[in-house]
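**Student:** I need the structure of the sequence given here:
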Amino acid sequence: MFIYAHPDDVDFSAAATAARWARDGSNIWYVILTDGSAGSHQPGMTREKLAAVRRSEQEAAARVVGAAGCIFLGRKDGLLKPTLAIRKQVVRLIRQHRPQAVVCGDPRRYFSGDTYINHPDHRAAAEIAVEAVFPAAEMNLLYPDLLAQGLSGHKVNYVYITTREDPNCYVDVSATIHLKIEALRQHRSQLGDWDPEPRVRERLAAAGREAGCQYAEPFRRMTLKPLEGANK
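**Tutor:** This is a model prediction of the structure:
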């Protein structure tokens, strides 16, 4: 389960990993917390029109990588906060789908270098995802109404946090980087005429050199419950 703030966040962050896991037989779900309705400077654009466009773009991108589907929570773009209500929504989804792995952004990330300030929705989405995974998703007594509906607690095995600051895990995406690039190209409302391929290949090649492969996506992986038979 990939939990991010906006349509296109998954694709910039971890779409090649999603594609690899899908090819390996995993059931991939995207959870998009906001409607993406503020991400345009186009004259005459409205929130309603942009939200519909971005939802369609994200669904197309998810099909490119082989995801099972997208779940849109529809919160207003630019106004996301890590509230208890949204956390419970995400807990419900985790208990319904019972993923082995949750992939999300880094709630610690405010800045990168001296030119990039992280979007507050990105930080909020990451905080929501991490706090939904632990401890909320596994605590039956926390949400007795969910338990009464048959949604018992679920302990996620791994959390993969998108980061370039302190990765401890690299996913070899040499065979699926082209799907990440094609997924990004579906987000025409955001990319315009910009071709993501040179930048994507440059960044993932740098991570690949660290990992000892051609292309890689880096993560901070938290192991909450090792899978039986998995390598330590």
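
**Student:** What separates the first and last residues of stretch 160-180, distance-wise?
**Tutor:** Its start and end residues considered, stretch 160-180 measures 17 Å (Cα to Cα, to the nearest Å).

**Student:** Tell me who's in contact with the spatially closest residue to Ile3 that is not a sequence neighbour.
**Tutor:** The shortest distance from Ile3 to any non-neighbouring residue, by Cβ to Cβ, 6 or more residues apart in numbering, is to Ala129 (4.0 Å). C-beta: built from backbone N, CA, C; applies to glycine. By Cβ atoms under 8 Å, 6 or more residues apart in numbering, Ala129 lies in contact with Ile3, Val90, Val102, Cys104, Gly105, Val159.

**Student:** how much space is there between Ala129 and Asp11?
**Tutor:** Going from Ala129 to Asp11 by Cβ to Cβ, to the nearest Å gives 17 Å.

**Student:** out of the contacts of Ala129, which are buried?
**Tutor:** Among these, those classed as buried by 16 or more other Cβ atoms under 10 Å are Ile3, Val90, Val102, Cys104, Gly105, Val159.

**Student:** Could you report the distance from the third one to Val130?
**Tutor:** So the one you mean is Val102. 8 Å.

**Student:** what's the overlap in contacts for the two?
**Tutor:** Here Val102 and Val130 have Val159 as joint contacts, going by Cβ under 8 Å, 6+ apart.

**Student:** How about Val64: what's its closest non-neighbour residue?
**Tutor:** Of all residues beyond its chain neighbours, the one nearest Val64 is Ala183 (4.4 Å), with distances taken as Cβ to Cβ, 6+ apart.
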